[in-house]
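[1] sharing a sequence plus its predicted fold:
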2 protein chains.
Amino acid sequence: MIQKFTWILALVMISFNLGFGQSIQSPDSRFSLKFQTTTSGIPVYSLTFQGKPVIADSKMGFELSEKPGLYQNFEISSIDTTSFDETWKPVWGEESSIRNHYKEMAVTLLQQETGRIMLIRFRLFNTGLGFRYEFPKQDNLGHFVIQDEKTEFAMTGDHTAFWIPGDYDTQEYDYTTSKLSEIRKNFDAAVTSNASQQQFSKTGVQTALMMKTSDGLYINLHEAALIDFPVMHLNLDDENMIFESWLTPQPDGTKANMIAPATTPWRTIIASDDAREVLASRITYNLNEPSKIENTNWIQPTKYVGVWWEMITGKSSWAYTDEYKAVKLGETDFAAAKPNGKHAANTAHVKEYIDFAAENGFDGVLVEGWNVGWEDWFGHAKDYVFDFVTPYPDFDVKAIEKYAQEKGVKMIMHHETSSSVRNYERHMDTAYQFMKAHHYDAVKSGYVGDILPKGQNHYNQWMVNHYLYAVKKAADYQIMVNAHEAARPTGVARTWPNLIGNESARGTEYQAFGGSKPNHVTILPFTRLIGGPMDYTPGIFEMDISKLNPANDSHVNSTLANQLALYVTMYSPLQMAADLPENYQRFPDAFQFIKDVPVAWERSVYLEAEPGAYLTIARKDKNSENWFIGNVNGNEKRTASISFDFLEKGQDYIATIYADGPKADYLNNPQDYMIKKFRITSKSKLKQASVPGGGFAISIVQATKKEVKGLSKL
Amino acid sequence: MIQKFTWILALVMISFNLGFGQSIQSPDSRFSLKFQTTTSGIPVYSLTFQGKPVIADSKMGFELSEKPGLYQNFEISSIDTTSFDETWKPVWGEESSIRNHYKEMAVTLLQQETGRIMLIRFRLFNTGLGFRYEFPKQDNLGHFVIQDEKTEFAMTGDHTAFWIPGDYDTQEYDYTTSKLSEIRKNFDAAVTSNASQQQFSKTGVQTALMMKTSDGLYINLHEAALIDFPVMHLNLDDENMIFESWLTPQPDGTKANMIAPATTPWRTIIASDDAREVLASRITYNLNEPSKIENTNWIQPTKYVGVWWEMITGKSSWAYTDEYKAVKLGETDFAAAKPNGKHAANTAHVKEYIDFAAENGFDGVLVEGWNVGWEDWFGHAKDYVFDFVTPYPDFDVKAIEKYAQEKGVKMIMHHETSSSVRNYERHMDTAYQFMKAHHYDAVKSGYVGDILPKGQNHYNQWMVNHYLYAVKKAADYQIMVNAHEAARPTGVARTWPNLIGNESARGTEYQAFGGSKPNHVTILPFTRLIGGPMDYTPGIFEMDISKLNPANDSHVNSTLANQLALYVTMYSPLQMAADLPENYQRFPDAFQFIKDVPVAWERSVYLEAEPGAYLTIARKDKNSENWFIGNVNGNEKRTASISFDFLEKGQDYIATIYADGPKADYLNNPQDYMIKKFRITSKSKLKQASVPGGGFAISIVQATKKEVKGLSKL
């Protein structure tokens, strides 16, 4: 197989007729980037890691709606190389400071026939490459329309890929692990049903795409700083193993309307022979602009509970009544409606959640289904679907506001838009003002279903523009945003740190919709989380959904210990404890970990990592000397080997290990867990088994000699 | 020909197998409406006027996206007939009070197979019929999607029609006068180029459609109360001469998303053997709801001048600079740009217009091109195209505001949206607030070019919703709206009287774009104006456009006297004197009529009318005892015969007649006019010649015996 692709590559090289080129190395010299143009003036780049090819010669450029495009007949008019090294402090993140260190090569290209200039800017970091196209202000290029981006990512073999189907409307798929050559035959099976979906090619996949070569190189393709541009997918030429950028189209089939001066998002290639480096890479954030919000002290990592899982499982309902076939806001009289008896967002019940949050140290309570319109919100292309300010008769906004304030708990707003985007923008100011008037500082927004107006897709330029519009406007009101079903993040939260979360992947809700693959959470950190945090909503303790709703026989494909580990492995400044309070009350000792685990971190250490197989991460609390470890395990039973050498030397700690029990089985016995306490130091080592779909969580608390007395050493 | 159609009709009748039916008569018994269902349960209506068929048996109903539709298998479950008679006072209009007098028949239809109920409500007036579909609240019908409206308007012969091509994006066409059977062959020639256009059928035409039968019956088809529904076009089956409703589609090809309870707009059929009755009919307004604005004293008819014609002719420019190929609002520095020297919206020049308005009694001054963004506003599908609040460096908002206030003149705002609809909605509140802060009480809005987001058309449900949104939001700010390129009016201004004008037809601007047909203005009152006033922008005194701009050889196909008459014949509460001040200053005696003519009327008398040929209308000032007459003439020289018997008996008046001069010729000598003064009473009669494209205007001022002394009697 290798031989075959080498041969093809050789052919491609010849046909390119490559001319003059220039190379740069990463600061640590492991990466080498080469840029050149073909004799027909097509830009070409290639990338190696420690001498091994990561990206073979790959073409670059754009087909425009008007000929000629920005693809060929370029000549290099100048190449500028520079270095950059700074350390910056994110408002929140996996660590409190991030180093941004790269070699840059800016290639200015002149297209003789048009007099147009296009610049390609490469930034080569110690963990990979970012590059983007820039269109400077110039006389011969003002408005232009991108018909297709022609950026290639030429693979050097038939790598193993962790992929989801390319889709203009959803990322909520389980990952398929297959060879690149097997994407096509696995494609249809990989497309599970969703509230809105549109694929474009049987070899089309989404980014962040994680791959592993046969000789152990890990390669990750994604993008950074997606602003005013469509989401990039990758379409594979599976004869030559070349990915090409596939942008989400506008209704007329064109991809992006551009105005020079302009830049595209960055295309990123993270690579290493150690999967942990992929997780530790900060390329995505580093390629985004610094925060545009000056005062960020209102942006706070948040651990929350919510009136949510009971609706997701079907135990309760978002809707207040079952009487109405159709609702007209402002006309339909809810006070006159017969309640369906299943409406969870009622004052008394919400107060129970507030009590639970206050008692257990949660910062916030999310309530879905509080506002009128849920009776017919989905599937009707309904324009005026929600007004975001009118509660159901049983939801007393003021009483809940007062109660939450008394209990020191923040209410979290919910804005499901039903993808009626114009309607949301029309009500946005009023909705945000309503939030501030009632002391809501954060909103979970949702874009379920096909986009309205018709003809738009979730990931095209028009919608990418909208998502950021909502975030910027929220920033004006000092509101944090957690947008579900929006385009997957690309590090834009560095620039707009009030974007504290996104869903944009298959979250825990699917465990109540038939279940996700047991190794799902060992892949997400290598894919979806490359761009930013995910509101995965972990913490399910009752895996048998029929216990909540007899009509729902879904099963959560995870052990309870695995659920605890997610609070560490799935980094997010926003973490939910998603299960019902009564399920937590059944397992108070395990619940203690969720109560203890922080959501703000000082430092992260990636102990073990193999996409699809396992993941062990240690993180230090930002506000104490304590550490927390999470391990999630894939489809095979496995024993993790951990050294605690990241701990402060000479210091004693108490480690509480929440691990799979001896008979744990994600399918048949997921609630078998064991809790062990040990005395540890930086010299300690641990071997800890995890079952398939299992894992473990450890809290590590600094302790005095006296406190650890009596505890056995690890 | 007649025989052929009678035969076809007989066939149709048989195939219908008409069953039980019921009839009602108009209050004056001239009209008779018959409703029945076919044996397959299809609703059918027909209409006669004084025993002559107006509409032959015509089917009704809807095809829905989901089968079965609301088209057949109906049975009549009840028929309710009622009468209504009231007189109401419009905020502005052709008369100060309007009688709303009709017989109503409400047919409740039950579709057995679905249990659904649809109601058809007919209102039969003395000047014609209105009917609409109603979908009451019911268990078996909530959300539904209209795939096609199947309403037929079966003509009884090959009538003469005054038509423009059916188009989803523009009404800005010259009218073609042809037999119905000749629409197809004339269609392509009738489609002249426009900034945005999309036809759908070679026999598709727009409403209001004016027709005349071979035996002298005038028939007008239009709609009333177009709210949250797509614009209706008419598609002709030109073998059987049956029009069918053709709704403007959504991007997915469906026509309208509906939620019961709901109603459609009214479909209207005005008919008479006297064309003047078509003009006098108030069916369109009567079928709309009363004003939803309680305090309307801020809505004021307005006569205005503007910085506009000089840009339309190409003498000046909207743009400030020619340096920028592309503008980025907020980034492009206009202060640093080299002015192009043709920018008309500059402070000094605007002050000249303010002076001119103040000196000549105009209420307002419109200024276009005052705000940044005109350099690249058109043709680029540019989303963030205007912000509606940032002036060019040479337009001093505060100085102009102050100067206008000192001179007692109102500034009129201009919001060209470039059809970037989301952008306009995003900025709308700020833009309206900016207006109020600077004492602008009225806005001319524009929707030039293809709609953004792509996939939408000017006349589909989504855009119809937008236009009314803009009007309602303006009402919140007590702002009057004059929307250009929006969907043509359907009497909605009764409900939202701050909608004081629309363009939505081929206005005077086309006289600078190559010219309109000389009889254009004899057709518009029978077509475009049936739904509401048009901001036609008359008053051009210099017909040779090359005098303004040597590069523009367009000619205004009208005599100067015809231009004066338009202030009476083209009813609007908003009337512009569109030409440049210097052109008015060359003809001060003729300009006197524009200075004298009011914009608020007490009463209108339709003296003579024949679509395409001539029109003579008399109107009484709302604020005095004076009358004004306008006559516009079509393609043939003609002498009008007028009796002044509408004047107060025994009262003397001075009539000043502004008529075509002896050598007047719209093409070669349009500025030949003559002004004559006479003493008249209610017994006077006038014969006055008008040349092709000509006309006359008369001001009639109540006078004392002393004042009329020495004036010759007419």
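    Perfect, thanks for sending it. Quantities reported herein were computed from a predicted structural model and do not represent experimental measurements. Numbers count the residues shown, from 1 in each chain, chains lettered A, B, ... in the order given.
[2] how about residue A:188, secondary structure?
    Under DSSP: H, G, I helix; E, B strand; the rest coil, residue A:188 falls in the helix class.
[3] quick check: it vs residue A:176, distance?
    Using C-beta to C-beta, to the nearest Å, residue A:188 is found at 11 Å from residue A:176. For glycine as for every other residue, the C-beta is placed from the backbone atoms N, C-alpha and C.
[4] neighbour count for these two, which is higher?
    A direct count of neighbours by other C-beta atoms under 10 Å in any protein chain shown for residue A:188 and residue A:176 places residue A:176 higher, at 19 against 10.
[5] now that one, what are its backbone angles?
    Dihedral angles of residue A:176 (phi, psi; degrees, to the nearest 10) stand at phi -110, psi 130.
[6] just list the residues touching residue A:378, thanks.
    Each residue near residue A:378 by C-beta atoms under 8 Å, 6 or more residues apart in numbering or on different chains is listed here: A:195, A:418, A:448-449.
[7] test my guess that residue A:75 contacts residue A:113.
    No - Residue A:75 is not in contact with residue A:113 according to C-beta atoms under 8 Å; the separation is 10.8 Å.
[8] who has more neighbours, these two?
    Applying other C-beta under 10 Å to residue A:75 and residue A:113 shows that residue A:75 carries more neighbours, namely 13 against 10.
[9] sticking with that one, tell me its helix or strand.
    strand A:74-88 (DSSP states H and E).
[10] what about the helices in the stretch 551-700 of chain A?
    For the stretch 551-700 of chain A, the helices defined by DSSP state H, counting those that start in this stretch cover A:560-569, A:581-586, A:588-596.
[11] got the angle between the longest one and helix A:588-596?
    Between helix A:560-569 and helix A:588-596, the angle comes out at 10 degrees (axes from the mean of the first three to the mean of the last three C-alpha atoms, to 10 degrees).
[12] now helix A:560-569: how far from the chain's centre is it?
    Helix A:560-569 sits 17 Å away from the centroid of its parent chain (C-alpha atoms, centre = their mean, to the nearest Å).
[13] just checking, what packs against that helix?
    helix A:520-523, helix A:588-596, strand A:614-621, strand A:627-633, strand A:652-660, strand A:695-703 (3 or more C-beta pairs under 8 Å, 6 or more residues apart in numbering or on different chains; DSSP states H and E).
[14] check the shortest one too.
    When contacts are defined as 3+ C-beta pairs under 8 Å, 6+ apart, helix A:581-586 packs onto helix A:347-360, helix A:588-596.
[15] can you list the residues of chain A near chain B?
    Those residues of chain A that sit near chain B, judged by C-beta under 8 Å from any C-beta of the partner chain, are A:139, A:141-143, A:145, A:250-252, A:257, A:259-261, A:324-328, A:376, A:380-383, A:422, A:425-426, A:429, A:453-456, A:462, A:465, A:469.
[16] list buried residues within those.
    In these, burial by neighbour count holds for A:141-143, A:145, A:250-251, A:257, A:259-261, A:324-328, A:376, A:380-383, A:422, A:425-426, A:453-456, A:462, A:465, A:469, counting by 16 or more other C-beta atoms under 10 Å in any protein chain shown.
[17] related to what we said a few turns ago, ranking the contacts of residue A:378 by neighbours, who comes first?
    Neighbour counts for these peak at residue A:418, which has 27 neighbours (criterion: other C-beta under 10 Å).
[18] surely it is in contact with residue A:383?
    No - counting by C-beta under 8 Å, residue A:418 stays clear of residue A:383, with 9.5 Å between them.
[19] intersection of neighbour lists for these two?
    By C-beta under 8 Å, 6+ apart, the residues touching both residue A:418 and residue A:383 are residue A:452.
[20] sorry, back to before: between the contacts of residue A:378, which is nearest residue B:412?
    residue A:418 (38.7 Å; C-beta to C-beta).
[21] now do the contacts for that closest one.
    The contact partners of residue A:418, by C-beta under 8 Å, 6+ apart, come to A:377-378, A:382, A:385-386, A:446, A:448-449, A:452.
[22] same question for residue A:603.
    Residue A:603 touches A:95-96, A:619-620, counting by C-beta under 8 Å, 6+ apart.
[23] which residues are in contact with residue A:513?
    A:312, A:554.
[24] ok, now with 10 Å
    By C-beta atoms under 10 Å, 6 or more residues apart in numbering or on different chains, residue A:513 lies in contact with A:172, A:192-194, A:312-314, A:506, A:545, A:552, A:554.
[25] then residue A:230?
    Neighbours of residue A:230 in contact, by C-beta under 10 Å, 6+ apart: A:146, A:149, A:168, A:245-250, A:254-256, A:265, A:457, A:459-465, A:487.
[26] from those residues, list the buried ones, please.
    For these, buried by 16+ other C-beta under 10 Å: A:146, A:149, A:168, A:245-250, A:254-256, A:265, A:457, A:459-465, A:487.
[27] show me these that map onto helices.
    Counted as lying in helices by DSSP state H, out of those, are A:461-465.
[28] looking at the helices and strands packed on helix A:581-586, which is nearest to residue B:282?
    Among the helices and strands packed on helix A:581-586, the nearest to residue B:282 by C-beta to C-beta is helix A:347-360 (52.3 Å).
[29] quick one: list the elements packing against the closest one.
    Judged by 3 or more C-beta pairs under 10 Å, 6 or more residues apart in numbering or on different chains; DSSP states H and E, helix A:347-360 is in contact with strand A:302-307, strand A:364-367, helix A:397-407, strand A:410-416, helix A:581-586, helix A:588-596.
[30] tell me the buried residues in it?
    Going by neighbour count (16+ other C-beta under 10 Å), the buried part of helix A:347-360 is A:347, A:349-351, A:353-354, A:356-358, A:360.
[31] let me have those in a markdown table, adding distance to residue B:667 and pLDDT as columns.
    Converted to a markdown table, the buried residues of helix A:347-360 look like this (distance: C-beta to C-beta, whole Å; pLDDT from 0 to 100):
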| residue | distance to residue B:667 | pLDDT |
| --- | --- | --- |
| A:347 | 78 | 98 |
| A:349 | 80 | 98 |
| A:350 | 78 | 98 |
| A:351 | 82 | 98 |
| A:353 | 81 | 98 |
| A:354 | 81 | 98 |
| A:356 | 86 | 98 |
| A:357 | 82 | 98 |
| A:358 | 86 | 98 |
| A:360 | 88 | 98 |
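[32] need these in a markdown table (columns: distance to residue B:601).
    Below are these laid out as a markdown table (distance: C-beta to C-beta, whole Å):
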| residue | distance to residue B:601 |
| --- | --- |
| A:347 | 58 |
| A:349 | 62 |
| A:350 | 60 |
| A:351 | 63 |
| A:353 | 64 |
| A:354 | 64 |
| A:356 | 69 |
| A:357 | 67 |
| A:358 | 69 |
| A:360 | 73 |
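[33] ok, those vs residue A:496, which is closest?
    residue A:357 (27.0 Å).
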